[in-house]
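Asks: next comes the sequence, and after it the predicted model I'd like to discuss.
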Amino acid sequence: MYRYDEFDATLVGERVAQFRGQVERRLSGALSEEQFKPLRLMNGLYLQLHAYMLRVAVPYGTLSSRQMRKLAYVARKYDKGYGHFTTRQNIQYNWPALVDVPDILDDLAEVEMHAIQTSGNCIRNVTSDQYAGAAADEVEDPRIWCEVIRQWSTFHPEFTYLPRKFKIAVTASQNDRAAIRLHDIGLRIHKNDAGETGFEVIVGGGLGRTPYIGHTIREFLPKKHLLSYLEAVLRVYNLEGRRDNLYKARIKILVNAGGVEKFTDLVEAEWTAIRKSEIDLPTEEIERIRAYFTPPDFEDLPAESAVLEQKRKGEAAFARWLRVNTVAHKTPGYAIVNISLKPVGGIPGDISDVQMEAVADLAAQYSQDEIRATHEQNLVLPHVKKDDLYVVWQALTVQDLATPNIRLVSDIIACPGLDYCTLANTRSIPIAQRISERFSDLEQQEDIGELKIKISGCINACGHHHVGHIGILGVDKKGEEFYQITLGGSGAEDASLGEIVGRGLSSGDAVGAVEKLVHYYRNNRQDNERFIDTYRRLGADPFKEALYAAA
Amino acid sequence: MKAITGNRLSDGAVVYLRDDDQWATQRGEAARFDDDDVAPVLRAAQLRVREITDAYIIDITADGAPSGRAIIRETIRGAGPTVRGDLGLQAECCA
Ligand code: SF4
């Protein structure tokens, strides 16, 4: 795993000291709120409905057990005993006091964590595949390149005042678990016909008020040119991106307003001009970074585990969890374990200090000390021996962290919504809770199969509703909460934007609507079709009809 | 009627301006103003930058309950997250 070098440590230490001074000056009145606000945002500190909120970066979703323990400590000491994992692989604390934040940041710095790049119009924390370094289907570990990008983008002098925030995601698998087509830049590592690995470069995706699926502007970029090419994209955006209108300032608007071809030409021209300069990292430097991601010492194990098979046969609940929550690992005898943060009726992404510590202990003992956060608001133990799966399952069950629902109807993404967020129109979490209660029957959930429900409390779309198989968007109608349903979206390799299907529904009706849609799907699916497949085959109309037909 | 609210600078807690010009965390203690009188009070409150931040005016009924367009938002601000009854003011008042 990547460890800070001296440079990183100094950088973060100086930043915290600087912020401590800024907080003191704000408290003494020397700084006004107008002056202070951009400074606190640069340090991940927002003001929400009930309190401040601190967003801590988890670069490309990778955490060690030591870091997770520190997150638990912060939750207990300074907050209210819990944290919330977001759709960008970060963690948020909902109740820190301003006066404590410098101390929190000092504590986090002890384990090489910080809140830099979690806010503001800069290049944000880079996200990646939560199975990176473990997935059976990956070309190579994408986190090496995430780290290259992190080092290049942190405090990049030219890109600290972009027209808007800028999000980059990297994957190295055909199966897109990082939603790369919905990012300002999405990068997919793949092999070309000559057997070399390089990046597919996708630009201009994004959600929010004006959602777009990203466009591929380069099928194959040799890896060594990554930074000069990214720099070319960012330069074009920094120069041409609109700054007059907040809603038109993202790169997706620039790409789509002028057309992809024109945008691509600009990037290629810029790249030609700068590619010979010294932006790209020398091979030794890339190798130095790669060394941090040397795979752990996996044991030589048989592909199948006798212990596991025996337990699987004996315990149906364990067998179900294995089927639903574990995934193939690239090393024989190992598996990837998903930890669901979506218990029945729970708050998606929330985790208590005690649960964090339990996860840290499991990672230390059974998963090579590694934990991952997912953009679907769950956690992952990436390297668990099959022989250990039963013990891990038991330990997770005790902590209510073993709900077998990954990718299923109750594995819902929900933004904080009006329960916490100042920008919200409506609440999101209670809708997620009611849906998960309505579908609490595990057998039924498994029968329904993959179904991605995503809920946002306003058009900013932090809950990714546009790309939910079923998306739910909260809208305010004269002080009442209404919910608009979209259908047919996907954030994966088959990315698509959902289509709005008619008038908004009350919160009670929205939950019933999901039930009706699922019912229609189950009656009309063919073979192994998922909900989204049936929807794509039949189109929106029959689903609309099912939804709005008189009861 | 109107009331003035904001977030306490030191910890972000939701506060309301009282008749005695102090800040209260209970909305029930908020001073009530006629619609026409509230603007200068807000301006004065906004100057108290060492105490609070993000001060603004809310609609309330004659009994001090939130009303108008922001009714749900202000209800939640006053009480705490609806999904965590154990947090926020709601946890203190009725335990
Ligand atoms: S989608 Fe809207 S309500 Fe939800 S967290 Fe984002 S800004 Fe807040």
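Replies: Now that the structure is in, tell me what you want to look at. Residues are numbered from 1 along each chain as shown, chains lettered A, B, ... in the order given.
Asks: can you show me the strands along chain B?
Replies: For chain B, strands defined by DSSP state E occupy the ranges B:2-8, B:14-17, B:23-24, B:52-59.
Asks: who touches whatever residue of the stretch 251-400 of chain A ends up closest to the ligand in this structure?
Replies: Scanning the stretch 251-400 of chain A for the residue nearest the ligand gives A:Gly349, at 11.2 Å (criterion: CB to the nearest ligand atom). From N, CA and C alone the C-beta is placed, and that goes for glycine too. By CB atoms under 8 Å, 6 or more residues apart in numbering or on different chains, the contact list for A:Gly349 reads A:His84, A:Phe85, A:Thr86, A:Leu341, A:Gln377, A:Asn378, A:Ala414.
Asks: phi, psi of it?
Replies: phi 90, psi -10 (degrees, to the nearest 10).
Asks: ditto for the one 3 residues further on
Replies: Backbone dihedrals for A:Ser352, given as degrees, to the nearest 10, come out at phi -80, psi 170.
Asks: point to the residue nearest the middle of chain A.
Replies: Chain A has A:His375 as the residue nearest its centroid, 2.2 Å off, counting by CA atoms, centre = their mean.
Asks: surely that one and A:Asp129 touch.
Replies: No - using CB atoms under 8 Å, A:His375 makes no contact with A:Asp129, being 9.5 Å away.
Asks: so what sits against both of those two?
Replies: A:Arg177, A:Ala178.
Asks: just give me the neighbour total for residue 51.
Replies: All of this is about chain A. A:Ala51 has 26 neighbouring residues, counting by other CB atoms under 10 Å in any protein chain shown.
Asks: that's the other chain; I wanted chain B
Replies: 16.
Asks: same check, this time on A:Gly13
Replies: A:Gly13 has 14 neighbours, counted by other CB under 10 Å.
Asks: that older thread, report the buried members of the contacts of A:Gly349.
Replies: Neighbour counting by 16 or more other CB atoms under 10 Å in any protein chain shown classes A:His84, A:Phe85, A:Thr86, A:Leu341, A:Gln377, A:Asn378, A:Ala414 among these as buried.
Asks: inside helices: which ones of those?
Replies: Using DSSP state H, no member of those sits in helices.
Asks: okay if I get these as JSON lines plus distance to A:Ser277?
Replies: Converted to JSON lines, the buried ones among the contacts of A:Gly349 look like this (distance: CB to CB, whole Å):
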{"residue": "A:His84", "distance to A:Ser277": "42"}
{"residue": "A:Phe85", "distance to A:Ser277": "39"}
{"residue": "A:Thr86", "distance to A:Ser277": "36"}
{"residue": "A:Leu341", "distance to A:Ser277": "44"}
{"residue": "A:Gln377", "distance to A:Ser277": "40"}
{"residue": "A:Asn378", "distance to A:Ser277": "41"}
{"residue": "A:Ala414", "distance to A:Ser277": "45"}
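Asks: now render these as a markdown table, adding distance to the ligand and pLDDT.
Replies: A markdown table is the format used below for the buried ones among the contacts of A:Gly349 (distance: CB to the nearest ligand atom, whole Å; pLDDT from 0 to 100):
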| residue | distance to the ligand | pLDDT |
| --- | --- | --- |
| A:His84 | 10 | 98 |
| A:Phe85 | 13 | 97 |
| A:Thr86 | 9 | 95 |
| A:Leu341 | 17 | 98 |
| A:Gln377 | 12 | 97 |
| A:Asn378 | 18 | 98 |
| A:Ala414 | 8 | 98 |
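Asks: what's the nearest residue to the residue in chain B that the ligand sits nearest to if we skip its chain neighbours?
Replies: As assessed by CB to the nearest ligand atom, the ligand sits closest to B:Arg73 within chain B, at 10.9 Å. The shortest distance from B:Arg73 to any non-neighbouring residue, by CB to CB, 6 or more residues apart in numbering or on different chains, is to A:Leu418 (6.1 Å).
Asks: need the contact list for the one you found.
Replies: A:Leu49, A:Ala424, A:Asn425, A:Thr426, A:Arg427, A:Ser428, A:Gly457, A:Gly474, A:Glu481, B:Ile72, B:Arg73, B:Ile76.
Asks: burial of the third one, as a residue count?
Replies: Read it as A:Asn425. Neighbour tally, A:Asn425, other CB under 10 Å: 23.
Asks: likewise the fourth one?
Replies: Counted with other CB under 10 Å, residues neighbouring A:Thr426 total 27.
Asks: the fifth one now?
Replies: Residue neighbour count, defined by other CB under 10 Å, stands at 29 for A:Arg427.
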